[in-house]
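>>> Generate coordinates for the sequence data below:
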Amino acid sequence: MSARDREQADLRSSIVQWCERRLPEKDSHRLMRTLKSDADARRLFAEYNALVALLELEIPTLLREQELPDAAPATRALGAELEDSEACGRWSNAHNISFPHTESPNLAPPPVVSPIVPSAPPSAPFVGEFVFSYMVATVFMCLLLLGFWAYKLPSDRGSSIASNENSRGRTVFGEDSPHDRPAPVFVGHITGIAGAKWSDEPNYIAPMGVRVALGRTYKIKSGLLEITYHSGAKVILEGPCTYKVESVAGGFLERGKLTARIIHQGPAASAAGAKPQAVFIVHTPTAVVTDLGTEFGVEVDENGDTTSYVFEGKIVVKAGIRGFGDSGIREVQLGAGESVMVGRVRETHHNSTKTETVHFTHPTTPPKFVLVFPRLKRNYLDLADIVAGGDGFGDARDRGIDAVNGRVVLSQPRDMSVLSGLHGDTRYHAVNELPFVDGVFIPDGGEGPVQITSAGHASSDFVDTNNRTWNLIWAGQIVTEYTPKRTVSCWLGNANYAGRRHSVLTMASNKGITFDLDAIRRKFPDVRLVRFTAVAGNTEMRSANPQAPRVSADLWVFVDGSLRFNKTDINSADDGFVVDIPLAPSERFLTLATTDAGNGHSFDWTIFGDPRLKIISKINDRTSGIHETQPSHAASGKEGAPIK
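Numbering: from 1, shown residues only. Down below sits the predicted model:
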């Protein structure tokens, strides 16, 4: 016997024993795994169950007609034949069994049924029309149920996710079918998610969509989730947190932090005319917190102890262990700035029995809560907007800085000659009018180390330049002539960075500008600077003339005086380069610079397209650390690689 035949024999033996309820539990698990992975095994399993069903249907009638003593020996005979290796071939063809009417006494019975039941007399057909239909329906239902079991159709797709207990529901005896359950009732919407990471529990399904349904449980490991109820109440959940929406005006906080803000517009009454009820109620394992028109926070630790704090208005805190009724409940009313903790107490009586009660205490250090959900205008600060006088979140353009003296220029002069041949003085000039710009300079490595920050950082990396420059450090596109109007090209790759969806810092060669990252952090304490990105290049047009002398320039990016990016001797044939530099929280200065590659500054049109500081929001609090919202757009392309 081959290994395949032995496997088939073992499989048939296991199926027979399973149907007779004598297969050990360990072998049962192995059989189930085999059925899940082997389509042929599932077919054999279905065929045998169908045969057993047919016998159970036919044998009572045949017993009455043939006066057989019992059906059990017949079933056991079938099992014995199926376990017999010599009968394997006969059983494998069981799906081809026909059900003839035995009108002729010479008609041979089917091979599987013949060792069990003798042929019926000619006057009595083996299978009647009704019985045959019943048997066909039985086989069909067995195969259908087996298919459903093997595929494991989920019962929580769509809106039923919210109505079920966040797990794949199964209908068992005594429970209503999922199709008979009422449609979910939606009580609000998810109006904000900041860095939320959902629970990785195997039976938990993260929410799909923004509608909040009655009975839905939200489990987050970290980050923030904001729910706005239809009543107007706003709830901020801070992970790790488990919160269940129990009513149209409240829920059960099993663990974590919750901040609620409720605006009263009069007592809330049900549509049926019931008595007015409180606008918002938070249940916890040890307390019930009822608002009286307030803004408050609730924290539940791992032991179930509840700490409540009021920011505005009043709340009522009732102490009582959830699930033990209202016996022994006490309550306190808190006003703005007040806090109370409800904790469990284990008491041992003389009869050695232990009971659990709760008591009020004042927390030594009230927990910190998130009061305002972080909503950034966008996930980056635009350095062109900063140079033009903005805060980085705007789209200000067409302003600049004179790199010779640090003076802010509000418009380009009509006479371009005044901006030609500007000489540097080897000094670093502060830009006092722009809080996020530390200073500007004319780089010339021939004069020794060049100071590039107000803190004294200097660089010896610059090449020997002619110490001259042209025009301004400009936020936008520079006009070179007004009659007729001509402008500096801002095209790199397939993008025009002077267009509406982009921004550009135009910096003809031999210019440098330093941004004060600490000043930006002080202005926006709830954001973290994570990286600087841009697309930089030389858009000069002189190289298009093969008879013209070579025109080229250099690009430089420093962080705290340390060189992070450099491309030398580039022109328009090199197209653009992706700049992507990570920033640490301790780093203070970002410096961008251009030089003339040692061949003069004429015709060098060096630009930084989309110069951006990528940011993420952060919420600092005592127990949950820092929650960050990752940027939705990362820099495209490899750092330093040309755009093609």
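
>>> In the stretch 501-644 of the chain, what residue spans correspond to strands?
Assigned by DSSP state E, counting those that start in this stretch, the stretch 501-644 of the chain shows strands spanning 504-507, 511-516, 527-538, 553-559, 562-570, 576-582, 589-595, 606-621, 625-628.

>>> Next up, the contacts around the closest residue to residue 435 other than its chain neighbours.
In space, and not counting its chain neighbours, residue 435 is closest to residue 519: 5.5 Å by Cβ to Cβ, 6 or more residues apart in numbering. Glycine gets a C-beta too; all of them are placed from N, C-alpha and C. Applying Cβ atoms under 8 Å, 6 or more residues apart in numbering to residue 519 gives the contacts 435-436, 438.

>>> Just the buried residues from the residues you listed, in ChimeraX please.
Here is the ChimeraX command that selects the buried residues among these (16 or more other Cβ atoms under 10 Å):
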select :436,438
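
>>> ok, of the contacts of residue 519, which one's closest to residue 21?
residue 436 (77.8 Å; Cβ to Cβ).

>>> Would you mind measuring from the closest residue in space to residue 491 that isn't next to it in sequence to residue 570?
Excluding the flanking residues, the one nearest residue 491 by Cβ to Cβ, 6+ apart is residue 539, at 6.3 Å. Residue 539 sits 11 Å away from residue 570, going by Cβ to Cβ, to the nearest Å.

>>> on that earlier part again, nearest to residue 41, out of the contacts of residue 519: which one, please.
Among these, and counting by Cβ to Cβ, the member closest to residue 41 is residue 436, at 69.4 Å.

>>> Confirm for me that that closest one is in contact with residue 393.
No - the criterion here is Cβ atoms under 8 Å, and residue 436 misses it with residue 393 at 11.6 Å.

>>> quick check, nearest of the contacts of residue 519 to residue 52?
residue 436 (80.8 Å).

>>> so who does that closest one touch?
Here residue 436 is in contact with 386, 391-392, 515-516, 519-520, 523 (criterion: Cβ under 8 Å, 6+ apart).

>>> same thing with residue 206?
Residue 206 neighbours (Cβ under 8 Å, 6+ apart): 198-199.

>>> so how far is residue 570 from it?
From residue 206 to residue 570 the distance is 47 Å (Cβ to Cβ).

>>> Select from the strands of the stretch 501-644 of the chain the stretch with the lowest mean pLDDT.
Here these differ in mean pLDDT, and the lowest is strand 625-628 at a mean of 42.

>>> Am I right that residue 137 is in a helix?
Yes - counting by DSSP: H, G, I helix; E, B strand; the rest coil, residue 137 is found in a helix.

>>> Now do the strands in the stretch 201-350 of the chain.
Counting by DSSP E, counting those that start in this stretch, the strands of the stretch 201-350 of the chain are 211-213, 217-229, 234-247, 250-261, 281-283, 287-291, 295-300, 306-312, 315-319, 330-334, 339-348.

>>> and the first one, what other elements does it pack with?
With contacts defined as 3 or more Cβ pairs under 8 Å, 6 or more residues apart in numbering; DSSP states H and E, strand 211-213 has these neighbours: helix 160-163, strand 186-198.

>>> try the fifth one
Here strand 281-283 is seen to pack against strand 250-261, strand 287-291 when contacts are counted using 3+ Cβ pairs under 8 Å, 6+ apart.

>>> try 6 Å
Helices and strands touching strand 281-283, as assessed by 3 or more Cβ pairs under 6 Å, 6 or more residues apart in numbering; DSSP states H and E, comprise strand 250-261.

>>> What are the contacting residues of the strand it packs on?
234-238, 240-246, 280-284, 295-300, 369-370 (Cβ atoms under 6 Å, 6 or more residues apart in numbering).

>>> Check the burial of residue 420 by counting its neighbours.
If you count neighbours by other Cβ atoms under 10 Å, residue 420 ends up with 12.

>>> Leaving out chain neighbours, which residue sits closest to it?
residue 470 (5.7 Å).

>>> lowest average confidence, helix or strand, in this protein?
Using mean pLDDT, DSSP states H and E, helix 160-163 stands out as the lowest-scoring helix or strand of the chain, at a mean of 38.

>>> isn't residue 219 right up against residue 243?
No - look at residue 219 against residue 243 with Cβ atoms under 6 Å: they stay out of range, at 8.1 Å.

>>> Give me the buried positions along stretch 252-267.
So, applying 16+ other Cβ under 10 Å, buried residues of stretch 252-267: 252-262, 264.

>>> do stretch 413-420 as well
416, 419.

>>> What is the end-to-end distance of that stretch?
This stretch, stretch 413-420, spans 12 Å end to end (Cα to Cα, to the nearest Å).

>>> same check, this time on stretch 563-578
Start-to-end, stretch 563-578 (Cα to Cα) is 16 Å.

>>> likewise stretch 407-419?
First-to-last residue span, stretch 407-419, Cα to Cα: 13 Å.

>>> and residue 231, what does it touch?
Counting by Cβ under 6 Å, 6+ apart, the residues that residue 231 touches are residue 249.

>>> Likewise for residue 410?
residue 399.

>>> Quick check on it: phi, psi?
Per-residue torsions, residue 410: phi -90, psi -20 (degrees, to the nearest 10).

>>> Please report the distance of it from residue 298.
On the measure of Cβ to Cβ, residue 410 and residue 298 end up 52 Å apart.

>>> What of residue 365?
Where residue 298 is concerned, residue 365 sits at a distance of 16 Å (Cβ to Cβ).

>>> Between those two, tell me which one has more neighbours.
residue 298 (24 against 8).

>>> dump the residue contacts of the more buried one.
If you count contacts by Cβ under 6 Å, 6+ apart, then residue 298 has 253, 258, 282, 289, 308 around it.

>>> before we move on, what about residue 467?
424, 444.

>>> Retrieve the pLDDT associated with it.
91.

>>> Can we start the residue count at 3 from this point?
Understood, numbering begins at 3; the last thing we discussed is residue 469.

>>> and it, what are its phi and psi?
The phi/psi pair for residue 469 (degrees, to the nearest 10) is phi 60, psi 30.

>>> quick one, domains of this structure?
5-153, 185-269+278-363, 383-630 (automatic domain parsing).
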